[in-house]
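>>> I would like to see how this sequence folds:
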Amino acid sequence: MKKKNKKILIIDDDPPILELYEIWLASWGYEVITAKGGREALDMVGSSDYDLVICDAVMPDISGLEVRKKMFDSCPDTPFILVSGFSSDDRELKEILSMKVAKHIQKPVDFPMLKKDIERFISHKGTAANLAKLPKEKQISKE
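Purely as a prediction, here's the structure:
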């Protein structure tokens, strides 16, 4: 799979975290676009087509789940990875599972594992049904 021209939107309110994602993902050959919060990301959604979105769950302006809800109408087939500090027994995780999130990753992010996830989800982009066919343990994991 060619990575050239594959665009990934990273949403986080912490600039050093955005920079860290940008360094890793660019080194893997992806075009990285960053948004410094949920509202900025939502403003960007109509202007470009993204192959994958990685979003922090907790941001001061709008939560990652709210971003997913609002993005789902315009781009339901774009894989969406939510990054959070939630544990697998948190109530919020149950809501994540119901939001058609491709994967929930717990902080701190394991970047080599994230690379594999990105490659898998981008290769399945196109229909939500393709993501639904992936084994559940590959969709939601505690990392």
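>>> switch to C-alpha atoms for all contacts and neighbour counts from now on
Will do.
>>> secondary structure class for Leu82?
Reduced to three states with DSSP: H, G, I helix; E, B strand; the rest coil, the structure at Leu82 is strand.
>>> beta partners for it?
Under the criterion DSSP bridges, Leu82 forms beta bridges with Cys55, His104.
>>> checking my notes, Phe121 in a helix, right?
Yes: judged by three-state DSSP, Phe121 forms part of a helix.
>>> that one contacts Val101, doesn't it?
No: in this structure, Phe121 is not within contact of Val101 by CA atoms under 8 Å, at 11.2 Å.
>>> common neighbours of those two, please.
Pro79 (CA atoms under 8 Å, 6 or more residues apart in numbering).
>>> now the terminal residues of stretch 107-115, how far apart.
In stretch 107-115, first residue to last residue: 15 Å (CA to CA, to the nearest Å).
>>> ok, and what's touching that stretch?
For stretch 107-115, using CA under 8 Å, 6+ apart, the contacting residues are 24-25, 28, 83-85, 143.
>>> could you rerun that using 6 Å?
With CA atoms under 6 Å, 6 or more residues apart in numbering as the contact definition, stretch 107-115 has outside contacts at 84-85.
>>> and it, what's buried?
Across stretch 107-115, burial judged by 16 or more other CA atoms under 10 Å covers Leu114.
>>> now do it: distance to the chain's middle.
Relative to its chain's centre, stretch 107-115 lies at 12 Å (CA atoms, centre = their mean, to the nearest Å).
>>> quick one: mean pLDDT for that stretch?
The predicted model assigns stretch 107-115 a mean pLDDT of 95.
>>> can you check stretch 79-97 too?
pLDDT averaged over stretch 79-97 gives 73.
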